[in-house]
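1. sequence plus predicted model, see below.
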Amino acid sequence: MNSIKKINEIVKKTNRPIKTLQFGEGNFLRAFVDWMVDIANGQGLMDNGIMIVKPIPFGGLGALNGQDCIYTVLLRGKQGGETINTKRAITSVMGALDCYSQYDMYSELAKAPELRFIVSNTTEAGIVFDSSDSLSLTPPKSYPGKLTKFLYERWQAFNGDGDKGLIILPVELIERNGAALRECCEKLCALWNLPEGFVEWLNNSNIFCQTLVDRIVTGYPKDMAGEIEAGLGYEDKLMVAGEPFALWVIESTQPEVVKKELPFDKAGLPVIFTDNLQPYRERKVRILNGAHTSTVLSAYLAGLDTVGELMGDVQLRRMLEHNVYTGLAPYVPLPAGEVKEFSDSVMERFENPFIKHSLLSISLNSVSKFKSRVLPTILEAFEGTGSLPEPLCFALSSLMAFYSGEMRDGRLFSKRGAEEYEIMDDKAVLEFFADNKNLPADKFAEAFLKREDFWGRDLSEIQGFADAVGRYLQGIRDKGIRKAIESVLSRWIY
């Protein structure tokens, strides 16, 4: 009996010019950006090859390069009442390199005249200014440092030619991601004493877009991989599963220019080019992402492992719906009917039976996610009404309970019953919880809310905030998460 062949022995790809440099090799970019480029390439609307760059010094690219960077995107679920189950082999990625061990190859791409786009997904913590970064490093430590040096080398290679600027598309989930990235680059220019001519080229010849992305991507379908590979007729260790729904909103000062060079709309892809994405962002971040961040840690502590299990649990589903419809939706600056329609669609997407979205995977970097996804609603509610949205205060208490663990070899672990789980976040966050978890609940909450480095301000100054969070945390400690949820739901829902 012959063994099943690898995907790159069955699927072949066209050699295309490298027009897109992509910082990040994760599941989302591969099932979203690379998928869109592949479709546009396939329709003859683009001839766009992607080079993936691993932006961090650890991890490997052996799996990607071992399959010639060919992999399958599986899209399954309901959309508009119709069941979708599609499989597409993606051939838009020409290669993948490590900018640390292959710096010369990476740097050479700055000199490629056909290069036009830079895409990145380095997490919410990736777009930061690092004053210790250095131009002499190969490469610089931070993503903005890598980008600034890459653009500087391109400016030098083409003698400041204004036509050789790039369209830069960060998809990190921070507000005005393109502007934040450009600001970091400008600070590095000043820190590194780069020529004024380069700074002018950076700002005038490159288009830093603000972007918003929306698609649930769950990654490798481990539980069904064998069955799927049998149907595909090849082995694919990099297949990535996601939902059919997708949305990419791209804002720039020159939306027609970007639209012309990225003809995704002509390919029937869900991309919106605009000069103002803020309404779309508010809707998505506060409702879709906020629904996750405000509920999944409670659900995990309550014994659930996936979003699907959450939706099938009467108690946790009630909590989710209350968080969305009562805690989050009222503060989205769009007509109530439109917000309700989007909220309903989120519930349908969470019910997708094909997606096993791990609650632990969603828990990654929950503190920064809470800051960007949920905290703005809390602050707006307090400023507008003088009161705090209690469901969201409980969500923060659940985060604190989830994060209360023991540090071991620089890593933070906690337990759900007899089962151990690892908490993944920034070092300062992990150390805070390891050092303070045994404080009385009210003192613990106050100390957490005081951390300006976590929140951007001292949240303990908000009247009643620390008291509410501490009270709910004490309830979780005393009763356990299930009884605490039951208690608060009985007061919130009439």
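-> In hand now; what should we look at?
2. how about the nearest residue to G126 once chain neighbours are set aside, what does it touch?
-> The spatially closest residue to G126, leaving aside those adjacent along the chain, is Y143, at 4.8 Å (C-beta to C-beta, 6 or more residues apart in numbering). Backbone N, C-alpha and C define where each C-beta goes, glycine included. Under the criterion of C-beta atoms under 8 Å, 6 or more residues apart in numbering, the contact partners of Y143 comprise F23, P55, S120, T122, G126, I127.
3. what about P221, neighbour count?
-> Neighbouring residues of P221 were enumerated by other C-beta atoms under 10 Å; the total is 19.
4. per-residue pLDDT, it?
-> The predicted structure scores P221 at 91 on the pLDDT scale.
5. now do the contacts for it.
-> Counting by C-beta under 8 Å, 6+ apart, the residues that P221 touches are L74, I228, M239, A241, K356.
6. ramachandran angles for the residue nearest to G126?
-> Y143 has phi and psi values of phi -60, psi -50 when expressed as degrees, to the nearest 10.
7. which residue is the nearest non-sequential neighbour of L489?
-> Distances taken as C-beta to C-beta, 6+ apart place R318 nearest to L489, at 5.9 Å, with adjacent residues excluded.
8. can I get the lowest-mean-pLDDT helix or strand in the chain in PDB? Just the C-alpha atoms.
-> The helix or strand of the chain with the poorest confidence is helix 278-283; it has a mean of 86 (mean pLDDT, DSSP states H and E). Below are the C-alpha coordinates for helix 278-283, written out as PDB (Å, rounded to 0.1, in the frame of the first residue of the first chain):
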ATOM      1  CA  GLN A 278     -13.500  53.700  12.800                       C
ATOM      2  CA  PRO A 279     -17.200  52.700  12.700                       C
ATOM      3  CA  TYR A 280     -16.200  49.200  11.500                       C
ATOM      4  CA  ARG A 281     -13.500  48.900  14.100                       C
ATOM      5  CA  GLU A 282     -15.800  49.900  17.000                       C
ATOM      6  CA  ARG A 283     -18.300  47.300  15.900                       C
END
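9. give the buried residues for it.
-> Neighbour-count burial for helix 278-283, with 16 or more other C-beta atoms under 10 Å as criterion, is recorded at Y280, R281, E282, R283.
10. which elements pack onto whichever helix or strand comes after that helix?
-> Per DSSP states H and E, the first helix or strand lying C-terminal to helix 278-283 is helix 290-301. Contacts defined by 3 or more C-beta pairs under 8 Å, 6 or more residues apart in numbering; DSSP states H and E place helix 290-301 against helix 307-312, helix 314-322, helix 359-362, helix 366-373, helix 390-403, helix 481-492.
11. tabulate those helices (CSV), appending mean pLDDT and mean neighbour count.
-> Written out in CSV, the entries for those read as follows (pLDDT from 0 to 100; neighbours: other C-beta atoms under 10 Å):
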stretch, mean pLDDT, mean neighbour count
helix 307-312, 95, 19
helix 314-322, 96, 19
helix 359-362, 94, 18
helix 366-373, 95, 21
helix 390-403, 96, 24
helix 481-492, 92, 16
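12. and of those, who's closest to K13?
-> Closest approach to K13 among the helices and strands packed on helix 290-301 is made by helix 359-362 (29.2 Å; C-beta to C-beta).
13. off-centre distance for that closest one?
-> Between the centre of helix 359-362 and the centre of its chain there are 12 Å (C-alpha atoms, centre = their mean, to the nearest Å).
14. ok, stretch 193-205 next?
-> Distance, centroid of stretch 193-205 to centroid of chain: 30 Å (C-alpha atoms, centre = their mean).
15. quick one: contacts of it?
-> The set of residues that contact stretch 193-205 without belonging to it, under C-beta under 8 Å, 6+ apart, is 135, 148, 151-152, 155, 160, 162-165, 182, 185-186, 188-189.
16. returning to what we had before: I'd like the contacts of Y143 laid out as TSV, including secondary structure.
-> Listed next are the contacts of Y143 as TSV, based on DSSP: H, G, I helix; E, B strand; the rest coil:
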residue	secondary structure
F23	strand
P55	coil
S120	strand
T122	coil
G126	coil
I127	coil
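17. which of those ranks first by neighbour count?
-> S120 (27 neighbours).
18. quick check, pLDDT for the residue lying closest to that one once chain neighbours are set aside.
-> In space, and not counting its chain neighbours, S120 is closest to F23: 4.0 Å by C-beta to C-beta, 6+ apart. Looking at F23, its pLDDT reads 97.
19. quick one, what contacts F23?
-> V53, P55, I118, V119, S120, N121, T122, Y143, K146, L147.
20. just checking, the second one touches N121?
-> It refers to P55. No. When contacts are counted by C-beta atoms under 8 Å, P55 is not listed as touching N121 (9.2 Å).
21. overlap of the contact sets of those two?
-> The contact sets of P55 and N121 overlap at F23, G24 (C-beta under 8 Å, 6+ apart).
22. in the stretch 51-200 of the chain, where is pLDDT below threshold?
-> Per-residue confidence of the stretch 51-200 of the chain (counting by pLDDT under 70) places the weak regions at 124.
23. of the contacts of stretch 193-205, which is the most crowded?
-> The residue in the contacts of stretch 193-205 with the most neighbours, by other C-beta under 10 Å, is T148 (27 neighbours).
24. just confirm that one is within a helix.
-> Yes. When the secondary structure is assigned by three-state DSSP, T148 falls within a helix.
25. adjust the sequence numbering to begin at 338 for everything that follows.
-> Fine by me, first position is 338 from now on; the one you just mentioned is T485.
26. surely it touches S479?
-> No. Contact status for T485 versus S479: not in contact, 9.1 Å apart, counting by C-beta under 8 Å.
27. identify the contacts common to the two.
-> Common neighbours of T485 and S479, counting by C-beta under 8 Å, 6+ apart, are C521.
28. can you tell me how far the residue nearest to G463 is from T357?
-> Relative to T357, Y480 is positioned 16 Å away (C-beta to C-beta, to the nearest Å).
29. got it, and S457?
-> When distances are taken as C-beta to C-beta, S457 and T357 turn out to be 11 Å apart.
30. joint contacts of those two?
-> Common neighbours of S457 and T357 (criterion: C-beta under 8 Å, 6+ apart): none identified.
31. number of nearby residues for the closest residue to N689 other than its chain neighbours?
-> The shortest distance from N689 to any non-neighbouring residue, by C-beta to C-beta, 6+ apart, is to G414 (3.9 Å). Neighbour count of G414, defined by other C-beta under 10 Å: 21.
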